[in-house]
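Q: below are the sequence and a predicted model for it; my questions follow.
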Amino acid sequence: MTEQVDVLIIGSGPAGSTYARTIGDAVPTARILMVEVGPHIPGVRGAHTQNMSEEARVAAQLLTQGPETGVERAKALADIADGLDPSLEFRQTILPGLFFLDPRPKLAEDEVGLSAASMASGVGGMGIHWGTSSPRPHQSERIPFIPADELDAALDHAEQLLGVTKWDVPGTGLAEAIRREMADEFDGPGLTPVGFMPSAIQWKDGQAHFSGTGVILGDLEATVPGFELRAETLAKRVVVEDGVAVGAILEDRGTGDLREVRARHVVVCADGLRTPQVLFASGVRPAALGHHLNEHFQVGAFGYLNDAFDPERHDSDPERLGYVLVPFSDARPMQGGIIAMMNSPYSLGIDDEALASRLVAFAWYGAKDIQFRDRVEFSETETDFYGMPKMTVHYSHTDQDLRTIQRLKENARRSADRIGALAEEPELAAGGSSLHYQGTVRMGAADDGASVCDQYLKVWGVDNLYVGGNGVIPTSTAANPTLTTVALAWRAATRIAARLLDRT
């Protein structure tokens, strides 16, 4: 028998989970099926790996590496592409729990590629690995065709769903001392003021708890009897009949069996690369599909605080991250992060406490000059590990991009000079390292061929088909996109919920 549901959600990451939670809260009687190509992770469903013991975290990471499941990433460094940085930072932030799209890409002469482009497959998606930074978009990062009050309301709701903690200005202790220096260096007319990075972290009994995808889903299984999260299930294609999405063909990854599920609404939230892949495999191929691919540039370096910022000279609040934020502004299209690592909830693996207490990270992100030609291309004949159309990334730097990268390095040095000294020269991370791939299913104000979906994430020309994830963001951004992605998914999900209620 053909299975019938109200809503089929493809992908269990933050966007897909926002759709499920929003629709389930509004329509508790709805039948919602969420499918995930990767496996269940032992422990609490959707828990962030940083909340786990070291043993459990490693086990979870090994499970979510797709075709490289079980491969210890540190042992695979010899097989990574030229230009990838096999440093401690890279191992900690890029390799565990992820798998490369193509670690040895073949590039055209004028291309730089995204050699570090990576994905995760497992219940919770990237939401069980993410860094939890949740800044709001500013100025031209914001989506111009969404009314400002509506976008702000959606961002408010996203902060609630993610459990975002925000710190007011002025702060206290070392974090405030650093913020004042950065404000003196970088604030100015028309620029968004320096503050502190909002993060999806809460403190319980003196311990930091990271928001994983499970925080978004909440107790959905208990409150919505018709909700099911089905792991190790691949969406081969969306079924479209007479311009209407009516379901999908699903493959059981364990048995290889295919099954059709019929649905009143289909939502594809696979990620910025696999969402357009699913649409392509389904024959849904608007002109902009896969195009306008962009990620913000990432320039970083470590340094040390000077004597004036010796932590022993400043009171320290254990429940402040010490993460100073220099926000994006149109006159300075980049975002800076200055992070005193002594307050970092991440394990640094540094035994020398005196050294660790002076360590500071400088992370600057720059907005890409978005081009139609930057794209992920899908093969009509070749397939990937999952049997889906093989992806090839085409990606270049414009002259404007090169100027942005140079300015990022200069600002990293400027921020270091105010509070200490760099231990290394600022370097541009390999393309794809940010893991924030945008534009591939971008939203638009009109169906004019330059976008894939409308402002409520419904795919142009196909009824009842929606998308979600970082790929829907149409603007050039430096801010971490997760908060915006969740906000946009919430807006779209409220529309689906309203349509379901109209028919009940």
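A: That came through, no problem.
Q: all contacts plus neighbour counts: C-alpha atoms, from now on.
A: Fine.
Q: can you map out the helices along the stretch 201-350 of the chain?
A: 213-217, 220-223, 274-281 (DSSP state H, counting those that start in this stretch).
Q: which residues of the stretch 1-150 of the chain fall in strands?
A: 3-10, 32-35, 99-100, 118-119 (DSSP state E, counting those that start in this stretch).
Q: and the contacts of the first one?
A: If you take Cα atoms under 8 Å, 6 or more residues apart in numbering as the criterion, strand 3-10 is touched by 16, 19-20, 30-36, 235, 247, 260-270, 500.
Q: buried sites along stretch 234-241?
A: Within stretch 234-241, the residues scored as buried using 16 or more other Cα atoms under 10 Å are Leu234, Ala235, Lys236, Arg237, Val238, Val239, Val240.
Q: could you pull up the mean pLDDT of it?
A: Per-residue pLDDT values across stretch 234-241 average out to 98.
Q: sorry, back to before: what would the helices of the stretch 201-350 of the chain look like in a markdown table with mean neighbour count and mean pLDDT?
A: A markdown table is the format used below for those (neighbours: other Cα atoms under 10 Å; pLDDT from 0 to 100):
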| stretch | mean neighbour count | mean pLDDT |
| --- | --- | --- |
| helix 213-217 | 25 | 97 |
| helix 220-223 | 14 | 97 |
| helix 274-281 | 23 | 98 |
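Q: before we move on, the earlier item: looking at the buried residues of stretch 234-241, which are in strands?
A: Leu234, Ala235, Lys236, Arg237, Val238, Val239, Val240 (DSSP state E).
Q: going by distance to Asp310, which of the residues you listed wins?
A: Leu234 (52.2 Å; Cα to Cα).
Q: quick check: Gly43 vs Asp307, distance?
A: As judged by Cα to Cα, to the nearest Å, Gly43 and Asp307 stand 44 Å apart.
Q: what of Glu181?
A: With Cα to Cα as the criterion, Glu181 and Asp307 are 14 Å apart.
Q: who's more crowded, the two?
A: Glu181 (15 against 12; other Cα atoms under 10 Å).
Q: the more buried one belongs to a helix?
A: Yes: assignment of Glu181 by DSSP: H, G, I helix; E, B strand; the rest coil places it within a helix.
Q: that one reaches Ala416, doesn't it?
A: No: the pair Glu181 / Ala416 is not scored as a contact, 10.3 Å apart, by Cα atoms under 8 Å.
Q: need the contact list for Thr223.
A: By Cα under 8 Å, 6+ apart, the neighbours of Thr223 are Gly24, Asp25, Pro28.
Q: which residues of the stretch 201-350 of the chain fall in strands?
A: Under DSSP E, counting those that start in this stretch, the stretch 201-350 of the chain gives strands at 201-204, 207-210, 227-230, 233-241, 244-252, 258-268, 297-305, 323-326, 334-340.
Q: which SS state does Arg414 fall under?
A: helix.
Q: check what pLDDT Thr485 gets.
A: The model's pLDDT for Thr485 equals 98.
Q: so which elements touch the one helix or strand it maps to?
A: Assigned by DSSP states H and E, Thr485 falls within helix 482-502. Under the contact definition 3 or more Cα pairs under 8 Å, 6 or more residues apart in numbering; DSSP states H and E, helix 482-502 sits against helix 14-26, helix 148-162.
Q: tell me what angle the first one forms with strand 3-10.
A: If I follow you right, that is helix 14-26. Inter-element angle recorded for helix 14-26 and strand 3-10: 130 degrees (by axes from the mean of the first three to the mean of the last three Cα atoms, to 10 degrees).
Q: and helix 14-26, which residues are buried?
A: Pro14, Ala15, Gly16, Ser17, Thr18, Tyr19, Ala20, Arg21, Thr22, Ile23, Gly24, Ala26.
Q: tell me the contacts of the last one?
A: Going back to what we said before, that points to Ala26. So Ala26 contacts Thr494, Ala497 (Cα under 8 Å, 6+ apart).
Q: how much space separates it from Ser12?
A: 19 Å.
Q: for the stretch 151-300 of the chain, which spans come out with low pLDDT?
A: When the per-residue scores of the stretch 151-300 of the chain are filtered using pLDDT under 70, no range remains.
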